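Asks: Could you look at this predicted model? Sequence included:
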Amino acid sequence: MGDAEPRPVVTRRSPASDAATALLGALVREGVRDVVVAPGSRSQALALAAAELERVGAIRLHVRIDERGAGFLALGTAVESGRPAVVVTTSGTAVANLHPAVLEAHHAGVPLIVCSADRPVELRGIRSNQTTVQPGIFAGAVRLERDVAAPNDSAGEADAASRLAREAVDAALGRDASGDPVPHPGPGPVHLNLQYREPLSAVVPLDEPPRASARGERAALDRQGANAASVDATVIEAGPRTLVVAGAGAGPIAEEFARAGGWPLAAEVTSGAHFGPNLVVAYRELLHEPGFGDSVERVVVFGHPTLSREVPALVQRDGVETIVVAPWGSEWYNPGHKVRRFERAVRAADHAQTPEERAWTGRWVRASRMLVDEGLPAVASVRDGIDETGHVSDFAAQREYMRAQLAVVRAPVTRRMLVDALWAATWPHDRLVFGASRLIRDADRAVPGRRITVHSNRGLAGIDGTVATALGIAIASQSPNPGSSTSGGGVTRALIGDLTLLHDVGSLLLGQGEQRPRIQVIVGNDGGGTIFDALEVAGSAPPEAFDRVQFTPQQVDFSALAAAYGWAYVRVTTRGELDEALTGRIDGPQLVEVPLER
C-alpha cells in the first residue's frame with residue numbers, strides 16, 4: 001500500500017471565520033492570553049481561529065471535551081493571571097454547562113468571557129437541532145451580554161469586532177471605557193452570543209500574531225487594590241475595641257490595615273491576608289471566650305467570610321459596630337441585615353497606640369498561639385543524654401531517641417497533620433488550592449501565618465470544577481506569556497475531598513497536545529462527605545438515612561482512576577510517606593490519596 005493522500009485544504013470564504021478571527025484577534029490586542037475551547041460544530045470558526053492564533057504564538061490554547069470543566073479551567077487561568085480568559089462553546093446544552101463557572105465568576109469577581117456560538121435568527125424558534133434560547137441564559141450573573149447578529153461580509157465588521165472586544169474586556173475587568181475601575185458591579189463574567197451562518201468555517205491564515213496594545217498590556221486585574229485606588233479611602237479612627245476580619249478575596253490590604261491600626265486580625269486561610277504579626281488563627285475559639293469575643297465593640301470586614309459561623313454571629317450581635325469594606329461588587333456582606341456602614345476603601349488613622357490598645361491585640365495573638373499549639377500532636381522528645389551539640393551520648397537515651405523519631409515517621413496521617421505538612425511544603429513561588437471540603441476548615445483553624453498564594457472557589461463555595469480550576473491555576477502560573485521563552489516556576493497543590501474529586505473527575509482528562517503542569521491533587525479520602533457530619537441533623541436523623549443521602553459513602557479505586565487518566569499515583573498513610581510525597585520531585589500531574597478516618 002502506498003502513502004495515504006493528504007487531506008486537501010479547501011479554500012473558500014466564510015464570513016463566520018472572518019468574524020471569529022477578527023474578534024479573537026481583537027481580544028488578544030485587549031490583553032487576553034488564555035482561550036479554552038470545547039469542540040462543537042456551530043463554534044468551529046472560533047475554534048479554528050483559536051488554533052491559528054496558537055500557531056502564531058498569540059495565545060495559550062486549551063481544549064477540553066466537557067464544557068463545565070472548560071469553564072472552570074478558564075476561571076482558574078483568570079484567577080491566577082488576573083486577565084480575562086475566554087471560553088468557547090457550541091450551541092445548545094453546551095452553553096448551559098458553563099453556568100456553574102459563570103456563577104462562581106460572578107460572585108467571586110473573576111474576569112471571564114463566554115463566546116457561545118448560536119444559530120442565526122432565521123433558525124430560531126423552529127425547533128432547529130441544538131437550538132435553544134441562549135440570549136439571557138446567564139441573566140443576572142453577567143456584567144455584559146451581547147447577542148451578535150450573524151456576519152454577512154459587509155463593510156465595517158472588523159471594526160465592530162474590535163469595539164465588541166474592547167467593550168467585553170472592559171466589562172469583564174469592571175472598568176469604564178476610559179479604563180478606570182468601576183466599583184459597581186466590578187469585575188466578572190461577560191457573555192458574547194455569536195450567531196453564525198453556513199459556511200461555518202474556512203481557512204484564515206495569519207502572517208503574524210496580533211500584539212497587545214498598550215491598553216491591553218494593562219489588562220491584568222488587581223482585585224485587591226485596583227478599584228480601591230480609584231476612590232478616596234475613609235479614615236477609621238482608633239477607639240473601640242476592634243477586630244479586623246478578612247474573608248475570601250480580602251487580599252493583603254486587610255493585613256496592612258490591621259497592622260496600621262494595631263488591631264487583631266482574623267484572616268481566613270484563603271483571604272490573602274493570613275500572615276503578619278497581628279494574625280489570630282484561633283479566632284473561632286476566642287470569639288466564644290469571655291474577655292475576647294464578648295469584648296469586641298467594632299469589627300471591620302474585608303472580603304467574603306465563609307468558613308465560620310462565629311463571624312456572622314459577631315456581626316449580628318447587639319452593640320457591635322460593623323464596617324464592611326469591598327472595593328467592588330453589587331452585593332455587600334450583611335449577615336442578618338445588621339450592617340449599617342459600607343465603604344469602598346478605608347485606612348487606619350495615624351495615632352500613637354495606648355498601652356490598653358497594645359494589650360488588647362497582644363492578648364488575642366498570645367491566646368491564639370497557645371490554643372493552636374495545644375492542638376499539635378504530641379511528639380516524644382529525649383532530653384537526658386543529649387549534650388549541648390545535640391549529640392546523643394547515652395546508649396539507652398539514644399535508643400529511646402530513635403524510637404521516638406520512628407514513632408513520628410510512622411504515625412498515621414490525621415487531618416491536622418495533613419494541612420500542617422501541606423502548608424509547610426508550600427513556598428511563595430508555589431500555588432495552593434483548597435476545595436470546598438472539611439479540610440479547608442481544618443486548615444483555617446490551624447495553619448500559622450505565611451505569605452503564600454492560596455486559591456479557592458469561595459464565591460459560591462461549591463465543589464463544582466475544583467480540579468479544573470486547580471489545573472487552570474497551575475497552567476497560568478507555570479506558563480510563559482505567549483511569545484516568551486521564560487518558563488514559570490513552582491508546583492500547584494490542590495487539597496480536596498474525595499467527593500470533590502469524583503464530582504469533577506472528567507477534568508483529569510488531558511488530551512494529546514495539552515499542557516501537563518506540575519500539579520498534585522491531594523485527596524483526603526474519608527469515604528464520603530464528612531463535612532455533613534457537623535450538621536445538627538446528623539445527631540437526630542436515622543443513621544442509615546443520613547449516610548445514604550448526606551454522607552453518600554463511596555469505595556472508588558483511586559489508583560485505577562489515576563491510571564485511566566494517565567496521572568501518576570501515590571498512596572500516603574504515614575507522616576513519613578506524606579513528607580516524602582510533598583517534597584519529592586513533581587514533573588507532571590500526580591494524584592495523592594490520603595486515607596483519613598471519618
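Replies: Here it is on my side, so go on.
Asks: ok, now which ones touch Phe292?
Replies: For Phe292, the residues meeting the contact criterion (CB atoms under 8 Å, 6 or more residues apart in numbering) are 286, 363-364, 367. (Each C-beta comes from the backbone N, C-alpha and C, glycine too.)
Asks: give me that answer again for 7 Å
Replies: Under the criterion of CB atoms under 7 Å, 6 or more residues apart in numbering, the contact list for Phe292 reads 286, 364, 367.
Asks: Give me the buried positions along whichever strand or helix holds the second one.
Replies: Using DSSP states H and E, the element containing Trp364 is helix 355-374. Applying a neighbour-count criterion of 16 or more other CB atoms under 10 Å, one finds 357, 360-361, 363-365, 367-368, 371-372 buried in helix 355-374.
Asks: Same check on stretch 555-564?
Replies: Residues of stretch 555-564 classed as buried by neighbour count (16+ other CB under 10 Å): 556, 558, 561-562.
Asks: Pull the residues that contact stretch 336-355.
Replies: Applying CB under 7 Å, 6+ apart, the external contacts of stretch 336-355 come out as 183, 228, 231, 233-238, 257, 260-262, 315-316, 322-327, 332.
Asks: Pull out the buried members of those residues.
Replies: Under a neighbour-count criterion of 16+ other CB under 10 Å, the subset of these counted as buried comprises 183, 228, 233, 236, 238, 257, 261-262, 315, 322-327.
Asks: Could you list which of the residues you listed belong to helices?
Replies: Filtering these for membership in helices, criterion DSSP state H, returns 257, 261, 315.
Asks: Any figure for the gap between the closest residue in space to the second one that isn't next to it in sequence and Val280?
Replies: Read it as Gly261. Among residues not flanking Gly261 along the chain, Ala348 sits closest, at 3.5 Å (CB to CB, 6 or more residues apart in numbering). From Ala348 over to Val280 the distance is 17 Å, taken as CB to CB, to the nearest Å.
Asks: So for the two, which residue has more residues nearby?
Replies: In this comparison of Ala348 against Val280, neighbours counted by other CB atoms under 10 Å, the higher total goes to Val280 at 30 against 21.
Asks: What residues does Phe532 make contact with?
Replies: Contacts here follow CB under 7 Å, 6+ apart; on that basis Phe532 touches 538, 550-551.
Asks: repeat for Thr242
Replies: Residues near Thr242 by CB under 7 Å, 6+ apart: 261, 263, 298, 300.
Asks: The last one: helix or strand, and which one exactly?
Replies: To tie it back to what came earlier, the one meant is Val300. strand 298-302.
Asks: That strand pairs with which strands?
Replies: Paired with strand 298-302 in the same sheet, following DSSP bridges, are strand 242-246 (parallel), strand 321-325 (parallel).
Asks: These: which one's closest to Ala26?
Replies: For those, proximity to Ala26 was assessed by CB to CB; strand 321-325 is nearest, at 35.6 Å.
Asks: Just give me how far that closest one sits from the chain centre.
Replies: Strand 321-325 has its average C-alpha position 25 Å from the chain's average C-alpha position, going by CA atoms, centre = their mean, to the nearest Å.
Asks: Could you point out the helix or strand that follows it?
Replies: Of the helices and strands lying after strand 321-325 in sequence (DSSP H and E), the nearest is strand 341-343.
Asks: Tell me how far that next one lies from the chain's centre.
Replies: Between the centre of strand 341-343 and the centre of its chain there are 26 Å (CA atoms, centre = their mean).
Asks: Pull up the pairing partners for whichever helix or strand comes after that strand, direction included.
Replies: Taking DSSP H and E as the definition, the helix or strand that follows strand 341-343 towards the C-terminus is strand 346-348. Paired neighbours of strand 346-348 in the sheet (DSSP bridges): strand 234-236 (parallel).
Asks: Low-confidence bits of this protein, can you list those?
Replies: Counting by pLDDT under 70, the low-confidence segments of the chain come to 1-12, 222-231, 375-407, 481-488.
Asks: How about the contacts made by the nearest residue to Ala461 once chain neighbours are set aside?
Replies: Spatial nearest neighbour of Ala461, excluding adjacent residues (CB to CB, 6+ apart): Ala436 at 4.9 Å. Under the criterion of CB under 7 Å, 6+ apart, the contact partners of Ala436 comprise 457, 461-463, 500.
Asks: Please flag which of the residues you listed sit within helices.
Replies: In helices, judged by DSSP H, the following of the contacts of Ala436 are found: Thr500.
Asks: ok, of the contacts of Ala436, which come out buried?
Replies: Among the contacts of Ala436, those that count as buried by neighbour count (16+ other CB under 10 Å) are 457, 461-463, 500.
Asks: What is the most widely separated pair among the residues you listed?
Replies: Of all pairs drawn from the buried ones among the contacts of Ala436, the widest gap by CB to CB lies between Ala461 and Thr500 and measures 11.5 Å.
Asks: Pick the one among the buried residues of stretch 555-564 closest to Pro189.
Replies: The nearest member of the buried residues of stretch 555-564 to Pro189, counting by CB to CB, is Leu561 at 31.0 Å.
Asks: contacting residues around that closest one?
Replies: In this structure, Leu561 makes contact with Val505, judged by CB under 7 Å, 6+ apart.
Asks: For it, grab phi and psi.
Replies: phi -60, psi -50 (degrees, to the nearest 10).
Asks: likewise Val521?
Replies: phi -100, psi 110.
Asks: Repeat that for Asp464.
Replies: phi -60, psi 130.
Asks: can you tell me how far the closest residue to it other than its chain neighbours sits from Ala581?
Replies: Closest residue to Asp464 apart from its sequence neighbours, by CB to CB, 6+ apart: Pro100 at 4.2 Å. When distance is defined by CB to CB, Pro100 is 30 Å away from Ala581.
Asks: for Pro480, same thing?
Replies: 28 Å.
Asks: from the buried ones among the contacts of stretch 336-355, which two are the most distant?
Replies: Across these, the longest distance by CB to CB is 27.9 Å; it joins Pro183 and Gly262.
Asks: Quickly find the element holding the nearest residue to Gly276 once chain neighbours are set aside.
Replies: Leaving aside its sequence neighbours, Gly276 sits nearest to Glu255 (CB to CB, 6+ apart; 4.4 Å). Assigned by DSSP H and E, Glu255 belongs to helix 252-261.
Asks: For whichever strand or helix holds Arg163, what is the distance to the chain centroid?
Replies: Element membership for Arg163 (DSSP H and E) is helix 157-173. Helix 157-173 has its C-alpha centroid displaced from the chain centroid by 26 Å (CA atoms, centre = their mean).
Asks: which parts of that helix are buried?
Replies: When burial is assessed from 16+ other CB under 10 Å, helix 157-173 yields the following buried residues: 157, 160-162, 164-173.
Asks: which other residues reach it?
Replies: The list of residues contacting helix 157-173 from outside it, by CB under 7 Å, 6+ apart, reads 19, 22-23, 26-27, 30-31, 84, 111-113, 143-144, 146, 148, 151, 176-177, 187-188, 190, 192, 219, 221.
Asks: Swap in 6 Å and give it another go.
Replies: Outside of helix 157-173, the residues within contact range by CB atoms under 6 Å, 6 or more residues apart in numbering are 19, 22-23, 26-27, 30, 84, 111, 113, 143-144, 151, 187, 190, 221.
Asks: partners of whichever helix or strand comes after it in the sheet?
Replies: The element immediately downstream of helix 157-173 (helix or strand, assigned by DSSP H and E) is strand 189-195. In the sheet, strand 189-195 lines up against strand 112-118 (parallel), strand 144-148 (parallel) (DSSP bridges).
Asks: Only the buried residues of strand 189-195, if you could.
Replies: Within strand 189-195, the residues that count as buried by 16+ other CB under 10 Å are 189-195.
Asks: angle of it against helix 157-173?
Replies: Angle between the axes of strand 189-195 and helix 157-173 is 160 degrees (criterion: axes from the mean of the first three to the mean of the last three CA atoms, to 10 degrees).
Asks: Can I get the contacts of Phe292 in TSV including distance to Ala49?
Replies: Output for these, formatted as TSV (distance: CB to CB, whole Å):
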residue	distance to Ala49
Leu286	56
Trp364	56
Ala367	59
